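A.B. asks: Task: produce atomic coordinates for the following.
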Amino acid sequence: MANVCEPLTLAKDVKRSIELLEKLQMSGEVPATKLAALQKVLQSDFLNAVREVYEHVYETVDIQGSLDVRASATAKATIAAFAASEGHAHPRVVELPKTDEGLGFNVMGGKEQNSPIYISRIIPGGVADRHGGLKRGDQLLSVNGVSVEGENHEKAVEL
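C.D. replies: You can find the predicted model right below:
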């Protein structure tokens, strides 16, 4: 894993994975079709794009904690970035009735992580799930008319 000071590059890891897959293919211990499919994914433009976004997020988002915590938070932010790029590209108003069970979604990010606040999970059967207007990866801009852009995670949760 990369040190906090050095840039993260996963290209060597992907290349090494492909080399090991080729050795496995030659050994004949694992069905070649499954290994070929995995190798195709590792060499795909899609994985390359995901890797580039992950590396960019890793380098730009200030996440405190161990390297494992940083890698996990980066993975979640990368997923959120891809999820947010699908479907709704423009801000929209979504009104949810607040109930005793809350709004039915979890958020991640915030000023302390140098990251916007994103919806990390829609709780199955919750208000947001039943309403259908929100999805994982949506960025939260305001709650009840109060902006949460540039705010701490706690403030978004309190609202």
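
A.B. asks: Which secondary structure element is home to the nearest residue to residue 121 once chain neighbours are set aside?
C.D. replies: Excluding its sequence neighbours, the residue lying closest to residue 121 (Cβ to Cβ, 6 or more residues apart in numbering) is residue 106, at 4.2 Å. For glycine as for every other residue, the C-beta is placed from the backbone atoms N, C-alpha and C. In this structure, residue 106 sits in strand 105-110 according to DSSP states H and E.

A.B. asks: hey, what's residue 119 bridged with?
C.D. replies: residue 107 (DSSP bridges).

A.B. asks: That one and residue 103 touch, don't they?
C.D. replies: No: counting by Cβ atoms under 8 Å, residue 119 stays clear of residue 103, with 9.9 Å between them.

A.B. asks: how many neighbours does residue 130 have?
C.D. replies: Per other Cβ atoms under 10 Å, the neighbour tally for residue 130 reads 12.

A.B. asks: hang on, isn't it packed against residue 104?
C.D. replies: Yes: Residue 130 is within contact range of residue 104, at 7.4 Å (criterion: Cβ under 8 Å).

A.B. asks: Done for today, thanks.
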